[in-house]
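Trainee: okay, structure incoming, though there's no sequence with it:
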């Protein structure tokens, strides 16, 4: 091998450090064996000198008590370093490893004391590989063989000394597509599964470090993380060859196998780290070196590496796709936003002469693409300022929100619209976190992931159907046509002499995007509240699963609390019904006379379900609203403009099965009106929204008393009831079939 400045550095270090020199000389006495494990010819190495030295270092004190031997102030006086500058000012010290496995064994220690973590350091590892092309660099995860998990470091050794590296280079040269299975490509980077030795070995090849890093972190994101760990368990290797970066990831489950802890004949004093996972297995005990078999080695490695099922899960997560959704976030004359990747700060787009004024130029549309495609879950790519949430509700407020995916700004209806183009699964992570707390029961979150996915897929499909303007939206049957035409007819005190105001809220205004971000569709607040592993677990576990009925996507409506009985679709929207949206008691088996699930919610369940702004609404199951006569009359006039004068009478003419009023008669001293449907009644009798239209109206003197049940329209899933079911041990599929009887869980149509 051609000698380089780093080899001179090693020689100079050994000439002045007797301990290191002695240990390097001892490498001449190592013993080697070869065997075949999982189709790879591996090498066993026995070096008694390394065993004694390593024991002396690690047994003297516990990790928490011993001085960190990689910190500059604790290094031996004889140890010198070669500096290396990483990205964004990170500093590393290249050191000779005084307890070597290889004749050119190095340690690359972070200049400051920080925990072992590959996050934001993978590109530094790649830069090292390119700077020192005769070396292979490797990283032991903090629970996968790192001798100093409290101080970040890489290691390095000369190329060509590890069997797995040599085999991979041979397979690349031979273009073996069977052993190296291409899984994914992104820009100039490609990812392969290596099909020999152990499960969970992946090869990354890339022309640029940027593409390599993006694909690497996507792979890591798809691997499981043990609770309490800061990253998945893996060993990592990188080198530079033929103008490309190459990296190998070996996913692990543990540092040591059961053999290490056994007192029986199967005992092995082996703790596999990076070098072992590259096919050079260190056997410190002479008798074990002589007697260990291929079967024992294979069993040991299978215990510390992931199993086939976990490997397939990683591959499935990595290669699966998600449909893209357009979500309308914000409408305003001026929109303030930030693109996170460029660090340019706040930007502004303004409506000018029917176009978008941005950076001194007029545009018809602005589009800012996302940084990286997401296969697990995306990271924030932009921030929108002053986003209103809870529009029209008592908790309406503005806040800055972060979003994954792309940002599109378009012109429509006299203002600018900020539209987030995001994968459906990334969207669901936010929806679930926005609708309720991420600390909710996992099966409740799974159920919500399925219904939210089902609903939004149905909305996407509806928008992509060409509009038919021959009849008004919602007129789909003779009954709905009669309702529509009847709106302007008059009736008597029983409703026959009153003009009717019947209105429901569909999605006819969403022409520039699929869904909006507020309660009108589903609460979507980007990644602002997307916290908690349970949410990601729920979306991941149900990825692509939807509810269908007779082969069609279910219109999976949901509300906070049904109040004890689920409502029909036609009570709240157009005059049609679905077999899976039935009027049934929210009780076990829908049996009458039992206490409803949503009535059983205790404080613990409510604290799981409700976000901060919802928590103020504690009386979800039974509630009461009082108005003085004049107050109620002024409220109705301000909300409707009907001119009915002082209210004299208010009564329900038609109710749905849950008791929600579908048509409400109101008589004043200047006229009368029949109003509907469910949401319109709630809007006209409140400064924001009445909790539901399932109320009984009565008068106590001049005080109007509304005694109500439930929170929301009550159609489909009752969120509080579903949370109670999950807390009582019901599975997510049982919850779904309870609220959508006759439906089934299927894979999302592609």
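Mentor: Looks like it came in fine. Being a predicted model, the structure only gives us computed values, none of them experimental.
Trainee: what distance do you get for the residue nearest to residue 133 when sequence neighbours are not counted to residue 275?
Mentor: Using C-beta to C-beta, 6 or more residues apart in numbering and skipping the chain neighbours, the partner closest in space to residue 133 is residue 240 (5.0 Å). Heads up, the C-betas are built off the backbone N, CA and C, glycines and all. According to C-beta to C-beta, to the nearest Å, residue 240 stands 20 Å off from residue 275.
Trainee: for the helix or strand hosting the residue nearest to residue 133, which strands pair with it and how are they oriented?
Mentor: In the assignment (DSSP states H and E), residue 240 maps to strand 234-241. Sheet pairing for strand 234-241, assigned by DSSP bridges, gives strand 135-140 (antiparallel), strand 244-251 (antiparallel).
Trainee: now those strands in a markdown table, with mean pLDDT?
Mentor: Listed next are the strands paired with strand 234-241 as a markdown table, based on pLDDT from 0 to 100:
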| stretch | mean pLDDT |
| --- | --- |
| strand 135-140 | 97 |
| strand 244-251 | 98 |
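Trainee: in CSV, list those along with distance to residue 331 and mean neighbour count.
Mentor: Shown next, in CSV, are these (distance: least, C-beta to C-beta, whole Å; neighbours: other C-beta atoms under 10 Å):
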stretch, distance to residue 331, mean neighbour count
strand 135-140, 48, 25
strand 244-251, 45, 24
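Trainee: out of these, which comes closest to residue 669?
Mentor: With C-beta to C-beta as the criterion, residue 669 lies closest to strand 244-251 of these, at 76.5 Å.
Trainee: the helix or strand just after the closest one packs against which elements?
Mentor: The helix or strand immediately downstream of strand 244-251 is helix 258-261, counting by DSSP H and E. In terms of contacts (3 or more C-beta pairs under 8 Å, 6 or more residues apart in numbering; DSSP states H and E), helix 258-261 is packed against helix 294-304.
Trainee: buried residues in the helix it packs on?
Mentor: Of all the residues in helix 294-304, those buried under the rule 16 or more other C-beta atoms under 10 Å are 296-298, 300-304.
Trainee: what ranges does the stretch 501-650 of the chain have for its helices?
Mentor: 533-541, 603-609, 629-640 (DSSP state H, counting those that start in this stretch).
Trainee: in the protein, which ranges drop under the pLDDT threshold?
Mentor: Counting by pLDDT under 70, the chain has low-confidence residues at 1-3, 51-64, 371-376, 390-395, 464-498, 506-509, 520, 529-531, 611-618, 749-750.
Trainee: 50 - rerun?
Mentor: 52-61, 468-470, 487-497, 613, 616 (pLDDT under 50).
Trainee: shouldn't residue 462 be within a helix?
Mentor: Yes: Residue 462 sits within a helix when classified using DSSP: H, G, I helix; E, B strand; the rest coil.
Trainee: do you know how far it is from residue 574?
Mentor: Distance from residue 462 to residue 574, by C-beta to C-beta: 13 Å.
Trainee: these two: which has the busier surroundings?
Mentor: Neighbours per residue (other C-beta atoms under 10 Å) separate residue 462 from residue 574, with residue 574 holding more: 20 against 15.
Trainee: go ahead and confirm that one touches residue 505.
Mentor: No: using C-beta atoms under 8 Å, residue 574 is not in contact with residue 505; the gap is 10.8 Å.
Trainee: now the buried residues of helix 294-304 in CSV, with distance to residue 134?
Mentor: As requested, the buried residues of helix 294-304 are arranged in CSV below (distance: C-beta to C-beta, whole Å):
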residue, distance to residue 134
296, 34
297, 29
298, 32
300, 31
301, 28
302, 33
303, 34
304, 30
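Trainee: just flag the most distant two among the residues you listed.
Mentor: Distances among those were taken as C-beta to C-beta; the most separated pair is 296 and 304, at 13.0 Å.
Trainee: show me where the stretch 1-150 of the chain has helices.
Mentor: For the stretch 1-150 of the chain, the helices defined by DSSP H, counting those that start in this stretch occupy 5-16, 18-25, 48-58, 122-131.
Trainee: now the first one: how far from the chain's centre is it?
Mentor: Centre-to-centre, helix 5-16 and its host chain are 48 Å apart (C-alpha atoms, centre = their mean, to the nearest Å).
Trainee: same thing with stretch 102-118?
Mentor: 32 Å.
Trainee: make CSV out of the helices of the stretch 501-650 of the chain and add mean neighbour count.
Mentor: As requested, the helices of the stretch 501-650 of the chain are exported to CSV (neighbours: other C-beta atoms under 10 Å):
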stretch, mean neighbour count
helix 533-541, 20
helix 603-609, 17
helix 629-640, 16
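Trainee: residue 515: which of the ones you listed is closest?
Mentor: helix 533-541 (17.0 Å).
Trainee: out of everything not next to it in sequence, what's closest to residue 668?
Mentor: residue 644 (3.1 Å).
Trainee: hang on, the one you found packs against residue 670?
Mentor: Yes: look at residue 644 against residue 670 with C-beta under 8 Å: they come within range, at 5.6 Å.
Trainee: with neighbour numbers in mind, choose between those two.
Mentor: residue 644 (20 against 12).
Trainee: dump the residue contacts of that one.
Mentor: Going by C-beta atoms under 8 Å, 6 or more residues apart in numbering, residue 644 touches 633, 636-637, 666-673.
Trainee: go through those residues and name the one nearest residue 141.
Mentor: residue 636 (65.5 Å).
Trainee: before we move on, back to that, which residues do residue 574 and residue 505 both contact?
Mentor: Common contacts of residue 574 and residue 505 (C-beta under 8 Å, 6+ apart): none found.
Trainee: pretty sure residue 680 is in a helix, no?
Mentor: Yes: counting by three-state DSSP, residue 680 is located in a helix.
Trainee: next up, the contacts around the nearest residue in space to residue 209 that is not next to it in sequence.
Mentor: In space, and not counting its chain neighbours, residue 209 is closest to residue 126: 4.4 Å by C-beta to C-beta, 6+ apart. When contacts are counted by C-beta under 8 Å, 6+ apart, residue 126 touches 209, 212-213, 238, 240, 245, 247.
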